[in-house]
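J.: Build me a structure from this.
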Amino acid sequence: MDAIEERMLWMYEKMIEIREYEETMAKVYLEGKLPPAIQKGLAFDIGGGPVPGEMHLAAGQEPVAVGVCAHLRPEDTVVGTHRPHHFAIAKGVPLDPMTAEMFGKDTGLGRGKGGHMHLFDPAHKFSCSGIIGASLPPACGAALAAKKRGRDWVAVSFFGEGASNQGSFHESLNLAALWRLPVIFVCEDNKYAISVEKTESTAVAWNADRAAGYGMPGVRVDRNDAMAVFEAAGAAIERARRGEGPSLLEVKTDRYLGHFQGDPETYRPKGEVDELRRRDPIPALGAQLRKRGLIDDGGDAALRARIGARIAQAFEYGRTSPYPKPEDALLHVFQQ
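T.: Numbers count the residues shown, from 1 in each chain. Below you'll find the model as predicted:
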């Protein structure tokens, strides 16, 4: 087995893990939010159940995360979005504390204070934010730090196509190009900025074309395919490690679920998700592995069983961990 085949197996495993995690969270998140609230004549109770607050899931967008992170080292930095779980899992953030954070528990990454949109794991150099376009400036900062220290580390900023119309996008690309920072900007184009189609919000068909305005390569991957992302990301990351500056990568991906859980999705054409699911990237990569003789039905079943056990353990850990004490609200806050 060569290095690429090892990476293919890793990507396949991580894509299954991400999908299983997101589908499990989709079920757990709805506990206490729907049937009782409706019976009482109330609206969707966003604060109800064991996982309060908003929830943005990434089922269908797995190729973007694994295709990029397959090239990264522990020293490299990843900054994600408000839809962050696939990036976190692909970067190696442990499932137990990540899940506990979403349950608001003291054992979470942020001791239950951040929730799912604010996952911070310095040990694995991962962070994210609920603010649109907020991933780009911190990635530039991490890349600048690596450059000043003389290391060949890279930083990756993931963001959605809606964020490309924010000032932070243009400012970050300009600065990264000017200072030749080792940063890769990765745009997830899932067609919708919440409920607004890209064609109604963005003047260009591909944001990758905007890279030319900042003197950096712009690469577009027009299909939701892990190997296509892997190849494009590999070239951009190696370029950054050589000190040749930033790149902009845009991937056409698919969001199977709503912008948030509870989203009625009335903006989507009927049957759109069913059509997207027929092009599911996980079976597509699995077929390539079978063709190469790297996995068979028995190996696939064993792999899925191991993944299922890991995820079940993480959700059990999240459910059973203790909540923070009320007085802990005063910890880790700025005091003058």
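
J.: Could you pull out the strands in the stretch 1-150 of the chain for me?
T.: For the stretch 1-150 of the chain, applying DSSP state E, counting those that start in this stretch gives strands covering 77-79, 126-127.

J.: A309: which of the ones you listed is closest?
T.: Closest to A309 of the strands of the stretch 1-150 of the chain, according to CB to CB: strand 126-127, at 23.3 Å. Yep, even glycine has a C-beta here, placed from its N, CA and C like the rest.

J.: where does the chain dip in pLDDT?
T.: For the chain, the stretches with pLDDT under 70 are 35-42, 336.

J.: got the residue ranges for the helices in it?
T.: 3-29, 35-39, 62-69, 85-91, 95-102, 136-148, 167-178, 226-241, 272-277, 281-291, 297-320 (DSSP state H).

J.: Show me the contact partners of the fourth one.
T.: The one in question is helix 85-91. 14, 17-18, 21-22, 25, 57-58, 61-62, 64-66, 68-70, 72, 78, 80-81, 95, 98, 116, 119, 121, 124-126, 128, 158 (CB atoms under 8 Å, 6 or more residues apart in numbering).

J.: related to what we said a few turns ago, switch the strands of the stretch 1-150 of the chain over to JSON lines; also include distance to A193.
T.: Output for the strands of the stretch 1-150 of the chain, formatted as JSON lines (distance: least, CB to CB, whole Å):
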{"stretch": "strand 77-79", "distance to A193": "19"}
{"stretch": "strand 126-127", "distance to A193": "22"}
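
J.: sorry, back to before: any idea which of the helices of the chain is most buried?
T.: helix 62-69 (a mean of 28; mean count of other CB atoms under 10 Å).

J.: mind saving the C-alpha coords of that one as PDB?
T.: C-alpha atoms of helix 62-69 as PDB (Å, rounded to 0.1, in the frame of the first residue of the first chain):
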ATOM      1  CA  GLU A  62     -17.200  15.700   4.100                       C
ATOM      2  CA  PRO A  63     -14.900  15.800   1.100                       C
ATOM      3  CA  VAL A  64     -13.800  19.400   1.700                       C
ATOM      4  CA  ALA A  65     -12.600  18.600   5.200                       C
ATOM      5  CA  VAL A  66     -10.900  15.300   4.600                       C
ATOM      6  CA  GLY A  67      -9.400  16.200   1.200                       C
ATOM      7  CA  VAL A  68      -7.600  19.200   2.800                       C
ATOM      8  CA  CYS A  69      -6.800  17.800   6.200                       C
END
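
J.: Of the strands of the stretch 1-150 of the chain, give the one that comes closest to R277.
T.: Proximity to R277 (CB to CB) singles out strand 77-79 among these, at 27.0 Å.

J.: looking just at contacts, which helices and strands does that closest one meet?
T.: In terms of contacts (3 or more CB pairs under 8 Å, 6 or more residues apart in numbering; DSSP states H and E), strand 77-79 is packed against strand 126-127, helix 136-148, strand 155-160.

J.: Adjacent strands (with direction) for it?
T.: strand 126-127 (parallel), strand 155-160 (parallel) (DSSP bridges).

J.: circling back to that earlier point, buried deepest among the strands of the stretch 1-150 of the chain, which one?
T.: strand 77-79 (a mean of 27).

J.: Centre of the chain to that one, how far?
T.: 10 Å (CA atoms, centre = their mean, to the nearest Å).

J.: And for stretch 82-92?
T.: With CA atoms, centre = their mean, you get 4 Å for stretch 82-92.

J.: returning to what we had before: between the strands of the stretch 1-150 of the chain, which one is closest to K191.
T.: Closest among the strands of the stretch 1-150 of the chain, using CB to CB: strand 77-79, at 22.6 Å.

J.: So which residues make contact with that closest one?
T.: 69, 72, 87, 91, 125-129, 135-136, 138-139, 142-143, 146, 153-158.

J.: Can you say which of the strands paired with strand 77-79 is nearest to A240?
T.: Short answer: strand 155-160, nearest of the strands paired with strand 77-79 by CB to CB, at 8.4 Å.

J.: then that closest one to PDB, C-alphas only?
T.: In PDB, the C-alpha atoms belonging to strand 155-160 read as follows (Å, rounded to 0.1, in the frame of the first residue of the first chain):
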ATOM      1  CA  ALA A 155      -2.700  27.600   8.100                       C
ATOM      2  CA  VAL A 156      -6.100  26.700   6.500                       C
ATOM      3  CA  SER A 157      -9.100  29.000   6.600                       C
ATOM      4  CA  PHE A 158     -12.400  27.300   5.700                       C
ATOM      5  CA  PHE A 159     -15.400  29.400   4.900                       C
ATOM      6  CA  GLY A 160     -18.700  29.300   3.000                       C
END
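
J.: now the most centrally placed residue in the chain: how far from T77?
T.: Geometric centre of the chain, nearest residue: F87, 3.3 Å, by CA atoms, centre = their mean. Per CB to CB, to the nearest Å, F87 is found 11 Å from T77.
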